[in-house]
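Colleague: Sequence first, predicted coordinates after that:
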Amino acid sequence: MAGERQKSTVASAVTSRRRLLTVGALAPVLAGAASSGIARAAPTAGVGRGGGHGGHALLDPVPTTAKDWAEVAKVLGREGSVLRNVTYHTAFNRSDLHVVSHGVRVTPGLALGTHVAFARYTDGSSMAMGDVVVTERELQAVTDAFHEHGIAQTAIHKHLLSHNPDIWWTHVHAHGKDPVAIARGLRAGLDKTATPPPETPPEGPIDLDTAGIDAALGIKGSSVDGIYKAAFIRAEKIVDGHLVLPPGLGATTAFVFQPLGGGRAALHGDCAVIAEEVDDVIGALRKGGISLVELHNHHLRDTPRLFFIHFWAVDDAVRIARALRRTVDVTNVIAPPVSQRGPS
């Protein structure tokens with residue numbers, strides 16, 4: 001018995017020594033990983049990819065005007081608009097594409113719009129975030145151009161069910177001291193697509209019972225680009241890395257109705273949800289006869305972690321709106337102030 005205890009003591013000492021040697025051997029490797037920036041901190045100068053908190057204090061966005069973004073507009077090749085007094089938003093509709101999903105011709109306003117948005121922060125830096133519509137043939141060249149210019153891609157996925165031709169959506173993010181340099185990087189990616197110059201949006205009344213949609217959702221929607229849209233924003237503060245996102249930017253639940261005649265509409269959109277809300281929203285959508293498209297993320301370093309549930313339906317628009325109301329009731333979203341509503 002004593003011999004067995006002695007053997008056990010020796011074995012334990014050998015094991016402990018091996019552990020110490022292993023830790024000692026790994027120490028330079030771990031130190032090198034830290035010094036090489038693997039634990040990425042958000043950049044403080046130039047154009048850079050978004051990072052985690054990294055010991056940085058949170059930065060809040062500051063109010064801006066369209067004049068503050070004049071050089072950005074020049075590089076992007078079109079004028080944008082300031083939303084909620086903070087976010088500078090520019091849209092690039094893919095009116096060049098003829099996309100059909102489940103027998104419905106998808107208009108640019110419904111689901112084929114590229115959007116990029118800028119925000120200025122208290123330290124003078126700027127952040128850009130967006131969602132770019134690309135064809136399958138364009139995707140690789142667009143990806144290469146973005147990465148060559150320091151524009152990070154935070155997601156690549158689909159927003160529509162079976163459709164022709166194949167379209168992809170890539171979400172982008174950049175943060176740095178020079179917003180014009182960021183705009184050049186975005187423009188370089190857009191130049192790899194066949195995105196056309198701006199066109200005059202469709203005018204006239206929307207052929208839908210918009211009052212009925214508003215009553216069902218409990219919010220006043222808006223008509224733009226030939227569609228009717230209602231949007232809600234997350235009620236809590238959303239942080240990306242160490243950047244506090246302006247209300248609604250990258251954290252919006254959007255319901256988009258494309259009129260099909262006779263009160264019917266094609267529905268496209270997504271719900272911004274936290275993990276605890278995912279199953280309830282999926283259940284509410286399916287109970288309302290709404291088809292699921294995708295469940296995925298749009299960001300890499302957001303807090304709280306957001307998921308986006310995309311959906312599709314073709315039905316009476318008011319009936320769809322009543323079904324969508326159930327998703328609003330089970331998520332922590334609010335209607336943006338009337339004076340601050342617009343694309344997001």
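Modeller: Everything's here; your move. If you're wondering where the values come from, they're calculated on a predicted model, not measured in any experiment.
Colleague: What ranges does the stretch 101-250 of the chain have for its helices?
Modeller: Secondary structure of the stretch 101-250 of the chain (DSSP state H, counting those that start in this stretch): helices located at 108-111, 136-148, 179-190, 210-217.
Colleague: what's the closest of the ones you listed to Leu295?
Modeller: helix 108-111 (17.0 Å; C-beta to C-beta). For every residue, glycine as well, the C-beta is placed using N, CA and C.
Colleague: helices or strands up against the closest one?
Modeller: When contacts are defined as 3 or more C-beta pairs under 8 Å, 6 or more residues apart in numbering; DSSP states H and E, helix 108-111 packs onto strand 252-261, strand 264-273.
Colleague: OK, contacts around Leu249?
Modeller: When contacts are counted by C-beta atoms under 8 Å, 6 or more residues apart in numbering, Leu249 touches Thr87, Ala117, Ala119, Met129, Ser344.
Colleague: what's the farthest-apart pair in those residues?
Modeller: Taking C-beta to C-beta, no two of these sit farther apart than Ala119 and Ser344, at 12.2 Å.
Colleague: Mind listing the shared neighbours of the two?
Modeller: With C-beta under 8 Å, 6+ apart, Ala119 and Ser344 have common neighbours Thr87, Leu249.
Colleague: Report the residue spans of the stretch 1-150 of the chain with pLDDT below the cut-off.
Modeller: 1-55 (pLDDT under 70).
Colleague: Quick one: the strands in it, in order.
Modeller: With DSSP state E, counting those that start in this stretch as the criterion, the stretch 1-150 of the chain has strands at 47-48, 61-62, 81-83, 87-93, 99-101, 104-106, 113-121, 126-135.
Colleague: any chance of those strands in a markdown table, with mean neighbour count and distance to Lys177 too?
Modeller: Listed next are the strands of the stretch 1-150 of the chain as a markdown table, based on neighbours: other C-beta atoms under 10 Å; distance: least, C-beta to C-beta, whole Å:
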| stretch | mean neighbour count | distance to Lys177 |
| --- | --- | --- |
| strand 47-48 | 22 | 9 |
| strand 61-62 | 18 | 15 |
| strand 81-83 | 17 | 21 |
| strand 87-93 | 23 | 16 |
| strand 99-101 | 18 | 38 |
| strand 104-106 | 17 | 39 |
| strand 113-121 | 23 | 10 |
| strand 126-135 | 24 | 8 |
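Colleague: nearest to Asp123, of the helices of the stretch 101-250 of the chain?
Modeller: helix 179-190 (13.1 Å).
Colleague: Excluding its own residues, what touches the closest one? List them.
Modeller: Residues outside helix 179-190 that contact it (C-beta under 8 Å, 6+ apart): 46-47, 69, 71-72, 75-77, 92, 114, 116, 118, 120, 126, 128, 130, 132, 142, 145-146, 148-151, 172, 174, 176.
Colleague: 7 Å instead, please
Modeller: For helix 179-190, contacts defined as C-beta atoms under 7 Å, 6 or more residues apart in numbering pick out 47, 71-72, 75-76, 92, 116, 118, 126, 128, 130, 132, 142, 145-146, 149-151, 172, 174, 176.
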